[in-house]
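Participant: This is a predicted model, with the sequence first.
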Amino acid sequence: PPAHVRPTAPGSRLLLITDGLVEVRNQDLDHSLAAFLDAAATGPQQLEPLCDHLLHTFGQDKEDDIALLALHLHEDRHPA
């Protein structure tokens, strides 16, 4: 896929997931992604509790592999 650049503010969180976390058989993927985005936006602010929350909410009884990478983007303290 083509690369995308999106400006981010300090303190932003970046979540990378595989489809196995949100994909549900016989359910529209857009619905699952919307539910995931809502859970991520309203979940805990700290990364470890957020990951636990998302895995508990979406990762139960899945047939596919699941991967979740969470990053907290800090302000660059040493500009080039």
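Facilitator: Noted; the coordinates are in hand.
Participant: can you give me the helices for the protein?
Facilitator: Across the chain, reading from the start of the chain, the helices by DSSP state H fall at 19-22, 29-42, 47-58.
Participant: To A9, which of these lies closest?
Facilitator: When the helices of the chain are ranked by distance to A9, counting by C-beta to C-beta, first place goes to helix 29-42 at 14.6 Å. Backbone N, C-alpha and C define where each C-beta goes, glycine included.
Participant: got any ranges where the chain has weak pLDDT?
Facilitator: Flagging of the chain using pLDDT under 70 yields the residue ranges 76-80.
Participant: ok, the residue nearest the centre of the chain - contacts?
Facilitator: For the chain, the residue lying nearest the average C-alpha position, counting by C-alpha atoms, centre = their mean, turns out to be L15 (3.3 Å). The neighbours of L15, taking C-beta atoms under 8 Å, 6 or more residues apart in numbering as the test, are 40, 54, 68-71.
Participant: Most neighbours among those, please name it.
Facilitator: Top of the contacts of L15 by neighbour number is L54, holding 22 neighbours under the definition other C-beta atoms under 10 Å.
Participant: tell me the contacts of that residue?
Facilitator: Listed by C-beta under 8 Å, 6+ apart, the contact set of L54 reads 15, 21, 36, 39-40, 43, 68.
Participant: what separates it from T18, distance-wise?
Facilitator: Between L54 and T18 the computed distance is 12 Å (C-beta to C-beta, to the nearest Å).
Participant: what sits in contact with each of these two?
Facilitator: Shared between the contact lists of L54 and T18 (criterion: C-beta under 8 Å, 6+ apart) are residues L68.
Participant: rewinding a little: and the helices of the chain, which is most packed in?
Facilitator: Neighbour counts (mean count of other C-beta atoms under 10 Å) averaged over each of those peak at helix 19-22, with a mean of 18.
Participant: what packs against it?
Facilitator: Using 3 or more C-beta pairs under 8 Å, 6 or more residues apart in numbering; DSSP states H and E, the elements in contact with helix 19-22 are helix 29-42, helix 47-58.
Participant: closest to G11 out of the ones you listed?
Facilitator: Set against G11 and scored by C-beta to C-beta, the helices and strands packed on helix 19-22 come closest in helix 47-58, at 12.0 Å.
Participant: Which residue, neighbours along the chain excluded, lies closest to L73?
Facilitator: Excluding its sequence neighbours, the residue lying closest to L73 (C-beta to C-beta, 6 or more residues apart in numbering) is S12, at 4.6 Å.
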